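**Q** Got a predicted structure plus its sequence, pasted below:
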Amino acid sequence: MSGERCAEVLGVRGPLARVVAGFEPRREQQRMAARVAEALGARSLLAVEAGTGIGKTFAYLVPALLSGRQVVLSTGTRTLQDQLFHRDLPVVAGALGRPVRIALLKGRANYLCRHRLDLTGRQGELPGFTRGGGRALARIRRWAGSTRSGDLAEVAGLRDDDPVREAVTSTRDNCLGGDCPEFGRCHLVLARREAQAADIVVVNHHLLLADLAMKEEGFGELLPGAEAVVLDEAHQVPEIAAQFFGSSFAGRQVAVLVRDAVAELQRAGLFTEPLRAQLAAAEAAVGAALGMVSGRDERIEWSDLPAAFQRSLTSIGAALAAAAAALEAADPEHAGLRQCRRRALALGEKLQNLLDADPDSGIRWVEVTRQSFLLSYTPFEVADRLGELMRGRGCAWIFTSATLAINGDFSHFLARLGVPEADTLAIGSPFDFGRQALLYLPQDLPDPASPRYTEAVLATVLPLVEAAGGRAFLLFTSHRALREAAAALESRPGFVARYPLLVQGREPREALLARFRESGNAVLLGSASFWEGVDVRGDALALVVIDRLPFAAPDDPLLKARLEGIRRRGGNPFAEFQLPQAVLALKQGFGRLIRDPDDRGVVVICDPRLQTRGYGRSFLAALPPARRTTSAAEAAAFLRRTAPAAALPAAGAP
C-alpha cells in the first residue's frame, strides 16, 4: 500500500467519487491518508489534527482497508461507532471492492445477559425501577426471543439511563463466565468471537482503554491480534484513560450484590431468615456510612471526611466478609452463589485498597448522592503507564481529531498520552473562514465572577438572536449559568413563542438536536456535551455564543490530582495543563459553527479576559482565521445578510 494508491482512491476518478453522492476530492484528505498509510506500514505512532471539512473518516478508512492489517477503530461515542459500522465502512469497503470482515463490539453493558433476564423475576424492585420500567422489561423479554446480536440498542425507546438495563446486563463482578447456564448462547461471547475473527473491529474509547489497562470486562483481550489501532476524536482519550488507572467503590454496589444474592438463593431454594439478616447487615453498614455524609457537598475530599465515616468503611468491609462466609456455607458448589461470594470478597478487597492508598501518589475523594456514595482514587500521573502499555503492543497507533494541537504544537496532547515521540501532522480546514465566519468580541462585559454576568451575556447576545432569527447555540461552561439563562429566557415576554427554546437535560441530546435542525429558528442552551461532537449543517445554525473561557472547574478532584502531580515534579499547572486544555476546549466550541462549505455565521465569545489577560492571545491565536469585530452592529448585519427570509422576524414583531 502507498500514498499514491490512497490518492488514487480518493481522487476525482477514484471509486469513492463514483459511488458517494457529492464526494469532492480534497488534497488535504489525500495528504492525511498518505501519512496514515505510512504509519500503518511502519507500525509507528502518528497524531493528526485534521481540521473540519477535511473528511478525516475516509482519510483513515481507505489506508486501513488497503493495508490488509487487522485494525481496531475506536471512537468517542456509541453513536459514532454505529455510524462507522453501519454507514462509512460498508461504503468504503464496497467502493474498493475488497471483501472484509467487519465487527462492532461494545462494552458488556450494551448486551443482554440471558441469565440476568431470568433472574429479574426474583430480584424484587430495582433501584429507580418504575412502572415504566416494568413495561420496558416486558419489551426486552419479547425482543430477547428473536434478537441475534443481543445489542440493547435494538430495543426501541430504551433509554441509556433506564434502570432496567442494569437488571438485564452483566458486569465483570456478577458474570458467571463458563459456569453460566446460558454460556452457550451468551451474546457477549458471540460478539467477542466475531471481533477476534474480524479484519476491522469498531469499538469505543472506554472499551479500548479498559482492555488496554487489563480491566476489560470480558473473556479475552481485544488487542493481541490487532496490528493497528486508529482513535478518532482522540482528544478525549487522555481524560478517559484516567478512569482506568484509578479505583473506586460505590455503596450501591453492595445493594446490587445483596439483591443478586437473594435472587440466587431463592432460585436455589436456599433463602432463609438468617441469610437475609446477614446480607441486610452489609446494606445497613452502607446506610450508616451514607448517613454520616448525606447533605454534604456533592464531592468531599478525603481530608475533609468525618473520622467516623472512615471508620464506617471498615465496618462495611467486615460485613462483606461475613456475607461472603454465609453464602459459602449455604452452598459452596452453586455457581451463582459462588460468584456472589467472590463479588463480596472483591468489593471488600477494593475497599481496603482504597483505605490503604498512598496519599503521596494520588488523590481520594467521595461523591455523595441522595441514595449512595462513591469513593474514588486517582493517581497523580497516568501518562507514563499509558504510554508504556501502548508501545508494548507493537501496533501502529493513529490518533486523530480536529483539536489536538495548539498553534501546531502537539506536545500537550502527546505528553498526556505518554508518547512524546509520536510523529505529528497538522492539516488546516479547507473552509474559507474569512468569508464564512465572523468572530464577535463584545466590549464592556463585567468580570465573569460577577453575580449578574449571565444576565449581562444575555443582554449582549439577544439582539444577535433576533438578527439571526433564532438559529443559535448558547454554550455555557457551567450548569448553573445554563439554568439561569433558561429561566431568564422563559420569563422574557414572547421569546419562547417566537423561538423554540431547547435546554440540555430536558430531553436526550440527539432528540434536542433533531428538533433544532427541524425547527429552523430554535435557540439551544447547552453545556459540556454540546461543545463537541455536534454537527448541524446548513441554515439551521448561524450563531454560536460562548459565555466564558472554558477553564475546568477548580474543585474537580480529577483536575486537582493532575495539577498536584505537575506541582510535585516542579511544573507550572496553569501553563502546562489548565491553559492548554481550555484552549483546546474553546477550539471545539468554535468548531460547532462552520461544518460545511456553504455554512455562514457568527461566533460570540463573551469573556472579557480574552482581551484583558495576557493568556487571551493564546486562545485567539488557536482559533480559525475568521474576521474579528468588536461591533455589535457589524455582527448583527452579518447575521441578517446570511439569514433565510423565513428565519427573520416579521415587520413589527415584538
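**A** Sure, I can see it.

**Q** How far does the helix or strand where residue 35 lies sit from its chain's centre?
**A** Per DSSP states H and E: residue 35 is located in helix 27-42. Mean C-alpha position of helix 27-42 versus that of the full chain (Cα atoms, centre = their mean, to the nearest Å) differs by 27 Å.

**Q** Report the inter-axis angle for the next helix or strand after that helix versus helix 27-42.
**A** Toward the C-terminus, helix 27-42 is succeeded by strand 45-50 as the next helix or strand (DSSP H and E). Computed by axes from the mean of the first three to the mean of the last three Cα atoms, to 10 degrees, the angle separating strand 45-50 from helix 27-42 equals 170 degrees.

**Q** Relative to the whole chain's centre, how far out is the helix or strand following strand 45-50?
**A** Per DSSP H and E, the first helix or strand lying C-terminal to strand 45-50 is helix 56-67. Mean C-alpha position of helix 56-67 versus that of the full chain (Cα atoms, centre = their mean) differs by 24 Å.

**Q** Output helix 56-67 as PDB, nothing but the C-alphas.
**A** Taking Å, rounded to 0.1, in the frame of the first residue of the first chain, the C-alpha atoms of helix 56-67 are listed here in PDB:
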ATOM      1  CA  LYS A  56     -10.800  12.500   8.100                       C
ATOM      2  CA  THR A  57     -13.000   9.400   8.400                       C
ATOM      3  CA  PHE A  58     -12.300   8.400   4.700                       C
ATOM      4  CA  ALA A  59      -8.700   9.600   5.200                       C
ATOM      5  CA  TYR A  60      -8.100   6.800   7.700                       C
ATOM      6  CA  LEU A  61     -10.600   4.200   6.400                       C
ATOM      7  CA  VAL A  62      -9.100   4.000   3.000                       C
ATOM      8  CA  PRO A  63      -5.500   3.200   4.100                       C
ATOM      9  CA  ALA A  64      -6.800   0.900   6.900                       C
ATOM     10  CA  LEU A  65      -8.800  -1.200   4.400                       C
ATOM     11  CA  LEU A  66      -6.000  -1.200   1.800                       C
ATOM     12  CA  SER A  67      -3.400  -2.200   4.400                       C
END
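
**Q** For that helix, give the mean pLDDT please.
**A** For helix 56-67, the mean pLDDT works out to 95.

**Q** what lines up beside the helix or strand that comes right after it in the sheet?
**A** Per DSSP H and E, helix 56-67 leads on to strand 71-75 as the next helix or strand towards the C-terminus. According to DSSP bridges, strand 71-75 has the following sheet partners: strand 200-204 (parallel), strand 228-232 (parallel).

**Q** Quick one: residues in contact with the last one.
**A** In other words, strand 228-232. 36, 40, 43, 56-57, 60, 64, 67, 69-76, 80, 84, 205, 208, 223, 237, 393, 395-401 (Cβ atoms under 8 Å, 6 or more residues apart in numbering). Placement of C-beta: from N, CA and C, glycine included.

**Q** again with the first one
**A** Judged by Cβ under 8 Å, 6+ apart, the contacts made with strand 200-204 from elsewhere in the structure are 64-65, 70-78, 80-81, 84-85, 89, 100-107, 195, 222, 226.

**Q** can you list contacts of stretch 415-429?
**A** For stretch 415-429, contacts defined as Cβ under 8 Å, 6+ apart pick out 28, 31-32, 35, 39, 44-54, 237-238, 241, 382-388, 390-391, 397, 399, 402, 404-405, 408, 410-411, 414, 594, 624.

**Q** List the buried residues of the helix or strand of the chain with the lowest mean pLDDT.
**A** Within the chain, confidence by mean pLDDT, DSSP states H and E is lowest for helix 131-144 among all helices and strands, at a mean of 78. Buried residues in helix 131-144, defined by neighbour count with 16 or more other Cβ atoms under 10 Å: 133, 136, 137, 140, 143, 144.

**Q** Over to stretch 60-76?
**A** Buried positions in stretch 60-76, judged by neighbour count with 16+ other Cβ under 10 Å: 60-67, 69-76.

**Q** Distance from the chain centre to it, please.
**A** 21 Å.

**Q** Looking at the closest residue to residue 35 other than its chain neighbours now. What's its pLDDT?
**A** Spatially, and ignoring its direct neighbours in sequence, residue 35 is nearest to residue 425 (5.2 Å; Cβ to Cβ, 6 or more residues apart in numbering). Note on residue 425: pLDDT of 97.

**Q** swap in residue 193?
**A** Reported pLDDT for residue 193: 88.

**Q** where's it, which helix or strand?
**A** For residue 193, the element it lies in under DSSP H and E is helix 187-197.

**Q** wait, what's in contact with residue 339?
**A** By Cβ under 8 Å, 6+ apart, residue 339 lies in contact with 174, 175, 176, 179.

**Q** Select only the buried ones of the residues you listed in ChimeraX?
**A** If you want just the buried ones from those in ChimeraX, going by 16+ other Cβ under 10 Å, the selection is:
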select :174,175,176
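
**Q** sorry, back to before: who wins for proximity to residue 282 among the strands paired with strand 71-75?
**A** Of all these, the one in closest proximity to residue 282, counting by Cβ to Cβ, is strand 200-204 (33.5 Å).

**Q** Show me how far the helix or strand following the closest one is from its chain's centre.
**A** Using DSSP H and E, the helix or strand that follows strand 200-204 in sequence is helix 205-212. From the chain centre to the centre of helix 205-212 is a distance of 12 Å (Cα atoms, centre = their mean).

**Q** between helix 205-212 and strand 71-75, how many degrees?
**A** Using the same axes, to 10 degrees, helix 205-212 lies at 130 degrees relative to strand 71-75.

**Q** Packing partners of helix 205-212?
**A** strand 71-75, strand 228-232, helix 237-241, helix 383-391 (3 or more Cβ pairs under 8 Å, 6 or more residues apart in numbering; DSSP states H and E).

**Q** Any regions of this structure where pLDDT drops low?
**A** 1-2, 121-133, 214-224, 296-297, 645-654 (pLDDT under 70).

**Q** OK, contacts around residue 268?
**A** When the contact criterion is Cβ under 8 Å, 6+ apart, the partners of residue 268 are 330, 331, 334, 336, 337.

**Q** Okay, angle between the helix or strand the residue nearest to residue 35 falls within and helix 56-67 too, please.
**A** Using DSSP H and E, residue 425 maps to strand 423-427. Going by the same axes, to 10 degrees, strand 423-427 is angled at 140 degrees with respect to helix 56-67.

**Q** quick one on the thing from earlier: show me what the least confident helix or strand of the chain packs onto, helices and strands only.
**A** Applying 3+ Cβ pairs under 8 Å, 6+ apart, one finds that helix 131-144 contacts helix 114-119, helix 164-168.

**Q** what about the shortest one, distance to the chain center?
**A** With Cα atoms, centre = their mean as the basis, the distance from the averaged C-alpha position of helix 164-168 to the chain average is 21 Å.

**Q** so what's the residue nearest to residue 410 when sequence neighbours are not counted bridging to?
**A** Sequence neighbours aside, residue 424 is the residue nearest to residue 410 in space, at 4.4 Å (criterion: Cβ to Cβ, 6+ apart). Counting by DSSP bridges, residue 424 forms beta bridges with residue 47.

**Q** Count the neighbours of residue 424 for me.
**A** Around residue 424 there are 19 other residues, counting by other Cβ atoms under 10 Å.

**Q** do the same with the one 3 residues further on
**A** Residues lying near residue 427 (other Cβ under 10 Å) number 21.
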